[in-house]
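**Q** This is a predicted model, with the sequence first.
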Amino acid sequence: MSARPTRYGAIAIALHWVIALCIIAMIPMGFWMTDAIREPGTQALAYRVFQFHKSVGFLILGLTVVRIVWRLAHPAPALPAAMKPWEAFAARVTHAAFYGLMLALPLTGWLYVSTGWAVSADRALAVPTSWFGLLSIPHLPWIGEASAALRRTVAFQAMGAHAMLAWTAVALIALHVGAALKHQFLERDGVLAHMVPGLPHGDAPAAPLPGAREKWLGRCAGFGLVLIIAQAAAIAVTPAPAPQLTAVATARPAPAATQTAPAPLPADSSQATAWAVDYGASRLGFSGTHSGDGFSGRFEKWEGDIRFDPANLPGSRATVLVQVGSARTGDATQEDALEGEEWLDFKGHPVARFEANAFKALGGDRYEAAGTLTLKNASVPVVLPFTFAERDGVATVKGSLKLDRRALDLGMQSDSGGDWVSMDIGVLVDLKAKRAATRS
């Protein structure tokens with residue numbers, strides 16, 4: 001019979017303390033943000049904490065899997081021979097319960113965010129998940145395709161289980177720390193030295209390896225306790241209140257035709273000057289507020305066919321196509337949300353189109369372009385005020401306008417009241433272009 005090691009290895013110790021610190025930080029963070037997200041003054045910070053909380057949760061899940069694999073290949077140090085049988089049994093059960101919690105806590109959190117339902121506001125709220133802004137974490141596929149009523153029910157149950165598991169973790173941590181301190185300062189048997197480098201080992205001889213019967217009983221008890229925790233957390237939660245679903249009526253024009261690259265406007269004697277856009281020196285941006293904080297972004301892929309001449313406004317025309325999937329804000333979570341079906345719907349409608357066919361002089365270098373913006377299934381009339389200045393054959397155009405996202409059906413399922421994202425979305429045009437040869 002082989003002897004057990006006197007302490008855990010460096011990898012096991014590192015995994016233990018990293019996971020422990022993450023869990024200890026996550027519990028108060030979770031309780032705080034649950035209340036703070038409801039308050040306008042702390043909503044923006046709570047949103048960022050939520051994203052960090054999710055990232056740490058997935059870190060815990062990954063490290064726990066690594067720790068379990070490592071533990072199966074590396075035996076734990078033996079318990080002191082003087083330890084009472086019930087204490088040894090309780091220690092094994094507690095360790096098994098910790099492993100169950102380290103898996104169940106992040107998994108119930110993952111299930112909750114996958115429902116796309118905010119329990120705090122009791123409404124749909126699709127928020128993507130990214131891991132520390134570095135990579136996207138997919139939501140569980142089956143729940144996202146379920147009905148709103150089912151997603152709501154699962155969200156309440158998952159959040160209830162998540163909260164109960166968090167309180168269970170608090171109790172187990174207190175029990176675990178108390179037992180470790182008891183062994184260190186009262187028993188003086190060196191148990192704490194198994195996991196804390198530098199502490200002296202106790203003089204008590206190590207207990208022999210447990211026999212088959214003891215192993216079987218300990219594993220069954222630990223596995224049974226994990227199942228009890230999971231079942232209690234899943235079903236012993238407060239039932240969700242009766243649904244308060246509000247239907248959002250949104251006018252939807254007929255689907256727009258598939259967009260293609262802007263066709264060159266036909267050249268004739270009345271046509272205005274053609275301009276070649278310098279895309280590297282130009283910017284097509286957008287802005288708004290999210291949870292009380294301002295945000296701004298840009299579209300990285302767009303192209304336009306522009307004909308404009310202050311002396312020939314009747315012959316001026318412009319067509320601009322925007323690849324909506326190229327929207328960038330610098331926040332991976334926001335970018336994932338923008339690509340989703342509820343917002344810009346990159347997969348269903350990859351291109352937005354702005355077509356201006358009426359230009360008006362406002363005095364000086366100020367003008368306005370009236371036209372139509374087509375985004376997803378909506379087409380709305382828009383007027384873009386802008387300034388135009390030309391020097392040495394290079395034109396500088398600057399303009400901005402406000403879009404009402406209600407008219408474009410942007411985020412109307414999750415945020416129909418504008419509580420999270422501003423109803424008005426600003427669009428900024430900063431364009432550099434050179435005179436182009438007339439097309440024939």
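**A** The structure has been received and is ready for your questions.
**Q** And the helices in the stretch 251-400 of the chain?
**A** 332-339 (DSSP state H, counting those that start in this stretch).
**Q** which regions of it lie under the pLDDT threshold?
**A** Where the stretch 251-400 of the chain drops to pLDDT under 70, the residues are 251-270.
**Q** ok, now with 50
**A** By pLDDT under 50, the weakly predicted segments of the stretch 251-400 of the chain are 251-261, 263-269.
**Q** just the strands in it please.
**A** Chain-ordered strands for the stretch 251-400 of the chain, with DSSP state E, counting those that start in this stretch as the definition, fall at 274-277, 283-290, 293-299, 302-307, 317-323, 327-328, 351-363, 366-375, 378-391, 394-404.
**Q** of all those strands, which lies closest to residue 138?
**A** strand 327-328 (19.5 Å; CB to CB). Every C-beta, even on glycine, is put in place using the N, C-alpha and C of the backbone.
**Q** Longest helix in this protein, please.
**A** helix 148-182 (DSSP state H).
**Q** and that helix, how far from the chain's centre?
**A** A distance of 22 Å separates the centroid of the chain from that of helix 148-182, by CA atoms, centre = their mean, to the nearest Å.
**Q** Likewise for stretch 121-136?
**A** With CA atoms, centre = their mean, you get 3 Å for stretch 121-136.
**Q** Let me have the strands of the stretch 251-400 of the chain in CSV, adding mean neighbour count as columns.
**A** CSV is the format used below for the strands of the stretch 251-400 of the chain (neighbours: other CB atoms under 10 Å):
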stretch, mean neighbour count
strand 274-277, 20
strand 283-290, 18
strand 293-299, 15
strand 302-307, 20
strand 317-323, 21
strand 327-328, 18
strand 351-363, 16
strand 366-375, 19
strand 378-391, 15
strand 394-404, 16
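**Q** Residue 310 against residue 386, yeah?
**A** No. With contact taken as CB atoms under 8 Å, residue 310 and residue 386 are classed as non-touching, separated by 11.8 Å.
**Q** any common contacting residues for these two?
**A** Counting by CB atoms under 8 Å, 6 or more residues apart in numbering, the contacts common to residue 310 and residue 386 are residue 367.
**Q** returning to that earlier point: would TSV of the strands of the stretch 251-400 of the chain with distance to residue 436 be doable?
**A** Converted to TSV, those look like this (distance: least, CB to CB, whole Å):
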stretch	distance to residue 436
strand 274-277	4
strand 283-290	19
strand 293-299	22
strand 302-307	9
strand 317-323	13
strand 327-328	28
strand 351-363	18
strand 366-375	18
strand 378-391	13
strand 394-404	11
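**Q** So residue 78 lies in a strand, does it not?
**A** No. Going by DSSP: H, G, I helix; E, B strand; the rest coil, the assignment for residue 78 is coil, not a strand.
**Q** Need the pLDDT of it.
**A** The model reports residue 78 with a pLDDT of 79.
**Q** Just tell me which of the strands of the stretch 251-400 of the chain ends up closest to residue 44.
**A** strand 293-299 (4.3 Å).
**Q** partners of the closest one, with directions?
**A** strand 283-290 (antiparallel), strand 327-328 (antiparallel) (DSSP bridges).
**Q** now the angle from it to strand 317-323?
**A** In terms of direction (axes from the mean of the first three to the mean of the last three CA atoms, to 10 degrees), strand 293-299 departs from strand 317-323 by 110 degrees.
**Q** May I have strand 293-299 as CSV, with CA atoms only?
**A** C-alpha atoms of strand 293-299 as CSV (Å, rounded to 0.1, in the frame of the first residue of the first chain):
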residue,chain,number,x,y,z
ASP,A,293,-23.0,56.1,-19.5
GLY,A,294,-22.2,57.5,-22.9
PHE,A,295,-20.9,55.2,-25.6
SER,A,296,-19.6,55.7,-29.1
GLY,A,297,-18.6,53.5,-31.9
ARG,A,298,-18.0,53.3,-35.6
PHE,A,299,-18.6,51.2,-38.7
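**Q** And for it, what's in contact with it?
**A** Under CB under 8 Å, 6+ apart, the answer for strand 293-299 is 44, 283-289, 322-324, 326-331, 334, 338.
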